[in-house]
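In: Provided below for reference: sequence and predicted model.
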Amino acid sequence: MRIAFLSLADARDVRSWSGTLSFSKAALQRHVGEVVDLTPAPVPTLPLKALDAASRILRGQKYLWEHEPLLVRRLGRVFTQRVREAKVDAIFAPAASSVLPYLETDRPIIYFSDATFQAAAQTHRGFQRLTARTAAAADAHERASIAKARVALFASQWALDSARRDYGADPARSQLLHLGANLPEPPSAAEAQPRGLPISSAPRPESDAARAPHAAPDDSLRLLFVGVHWEGKGGPIALAALRELRARGVHATLTVVGCEPPAGTPREGLTVIPFLDKSKPADRARFAQVWREAQLFVLPTRFEAAGIVFIEAGAYGLPSLGSDVGGVPSYVQHDQTGLLLPLDADGNAWADAIQALVADPARYARYARAARARYERELNWDAFGRRMAVFVGDLTGERRRHLPR
């Protein structure tokens with residue numbers, strides 16, 4: 001089997017789509033067949049990016065350069081030629097709604113995305129101040145990509161529902177396919193054993209809390225927050241929850257990885273690691289260390305198409321607390337692998353949920369075991385690759401079986 005891998009970004013770059021392009025390509029190579037990487041698109045994009053910047057400054061509107069109609073037409077011509085020369089059996093096109101609309105081929109296409117344009121536009125403020133040209137083009141490109149694909153796969157039930165509701169995707173040709181953890185060196189089951197919780201993390205009498213609201217580092221509840229956008233990922237809410245917990249006498253600390261709180265933010269109980277490059281061994285080791293040391297993952301995200309970071313938490317045997325928004329419910333199963341809080345929950349509500357969970361060690365351990373078990377069963381890239389092998393086999397006649405429902 002020869003599978004063409006099509007996307008606008010470079011699949012060899014571990015930063016592309018937070019590593020998803022690289023990890024999905026490797027999964028195809030392990031489980032499906034030879035992958036012919038046709039990325040990145042060999043077209044100049046700097047002028048379009050400059051146009052986007054100018055639109056934001058001069059008009060206060062966003063211009064999605066990757067959906068510029070002239071660019072999309074050119075991408076269609078370029079990839080049509082590349083696919084023809086590659087002589088492949090099928091095409092896998094992740095995050096490729098700007099690549100597929102004008103692609104001409106008789107090879108079966110598998111489109112994969114973590115969100116539809118309509119789903120994102122309805123829930124993400126970053127998609128709500130677009131130029132009319134951009135919005136119309138992106139919507140049309142999404143519709144064309146879904147229609148052209150023999151199978152359209154989506155990383156969450158939220159995205160899949162939008163594809164069927166907003167774009168008329170055929171239920172027989174549209175499916176849910178979970179992402180995996182983008183970890184170069186996933187932890188073993190032994191490394192993901194449930195952590196013990198400090199006795200002091202349980203609620204204490206008010207008089208005790210007033211006398212000694214803080215504990216030594218080895219007697220603390222260690223919370224972890226991982227995200228690249230402080231505001232968008234709910235950093236202020238996580239910080240408010242930390243302060244409320246400490247005010248109540250819960251010995252809590254919060255480690256923030258990937259972003260910086262605003263200047264002047266009090267750092268009591270807070271550890272900030274602004275950036276870690278997973279391509280560097282030292283940074284990978286530090287990244288693994290913060291996961292192993294954490295006891296609870298918290299992300300009050302304002303928008304999330306899927307949430308690979310929740311999968312990574314499960315890989316390390318951590319329960320997650322996440323916002324009930326976007327694709328998060330496909331990765332955090334409420335009251336099974338963690339808890340989902342309403343989008344309008346404030347720091348006090350998050351502190352309440354954290355405090356109640358850590359006061360119940362049996363429930364905490366149950367969530368931790370379930371999170372790791374789900375990672376091993378279905379939220380990993382080998383599981384992704386095995387399902388892809390079925391999809392590709394069905395489309396190319398390698399296997400005579402129906403698509404899994």
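Out: Perfect, thanks for sending it. Numbers count the residues shown, from 1 in each chain.
In: dump the residue contacts of A144.
Out: When contacts are counted by C-beta atoms under 8 Å, 6 or more residues apart in numbering, A144 touches S97, L100, P101. The C-beta positions use only the backbone N, C-alpha and C, and glycine is treated the same way.
In: please parse this protein into its domains.
Out: Following automatic domain parsing, one gets these domains for the chain: 2-180+380-396, 190-377.
In: turn the contacts of A144 into JSON lines, columns for pLDDT, distance to Y63 and secondary structure.
Out: Listed next are the contacts of A144 as JSON lines, based on pLDDT from 0 to 100; distance: C-beta to C-beta, whole Å; DSSP: H, G, I helix; E, B strand; the rest coil:
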{"residue": "S97", "pLDDT": "97", "distance to Y63": "16", "secondary structure": "coil"}
{"residue": "L100", "pLDDT": "98", "distance to Y63": "21", "secondary structure": "coil"}
{"residue": "P101", "pLDDT": "98", "distance to Y63": "18", "secondary structure": "coil"}
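In: between these, which is nearest E85?
Out: L100 (17.9 Å; C-beta to C-beta).
In: so how many other residues sit close to that closest one?
Out: Residues near L100, counting by other C-beta atoms under 10 Å, number 25.
In: just the element for the closest residue to it other than its chain neighbours, please.
Out: Leaving aside its sequence neighbours, L100 sits nearest to S145 (C-beta to C-beta, 6 or more residues apart in numbering; 4.1 Å). Applying DSSP states H and E as the criterion places S145 in helix 132-148.
In: list the buried residues of that helix.
Out: By neighbour count on 16 or more other C-beta atoms under 10 Å, the buried set for helix 132-148 is 134-135, 137-148.
In: ok, T20 - contacts?
Out: T20 sits in contact with P94, A95, D114, L179, N182, I308, where contact means C-beta under 8 Å, 6+ apart.
In: let me have the buried residues of helix 132-148 in TSV, extended by distance to P329.
Out: Compiled in TSV, the buried residues of helix 132-148 are given as follows (distance: C-beta to C-beta, whole Å):
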residue	distance to P329
T134	29
A135	27
A137	30
A138	25
D139	25
A140	29
H141	27
E142	22
R143	25
A144	28
S145	25
I146	22
A147	27
K148	29
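In: now those residues in CSV, with distance to S320 and pLDDT?
Out: Formatted as CSV, these follow (distance: C-beta to C-beta, whole Å; pLDDT from 0 to 100):
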residue, distance to S320, pLDDT
T134, 34, 90
A135, 33, 94
A137, 36, 96
A138, 31, 96
D139, 32, 97
A140, 36, 98
H141, 33, 98
E142, 29, 98
R143, 33, 98
A144, 36, 98
S145, 31, 98
I146, 30, 98
A147, 35, 97
K148, 36, 97
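In: tell me how far the helix or strand A288 falls within is from the chain's mean position?
Out: Using DSSP H and E, A288 sits within helix 281-293. Relative to the centre of its chain, helix 281-293 is centred 19 Å away, using C-alpha atoms, centre = their mean, to the nearest Å.
In: can you list the helices and strands that it packs against?
Out: Packed against helix 281-293 by the contact rule (3 or more C-beta pairs under 8 Å, 6 or more residues apart in numbering; DSSP states H and E) you find strand 221-226, strand 252-257.
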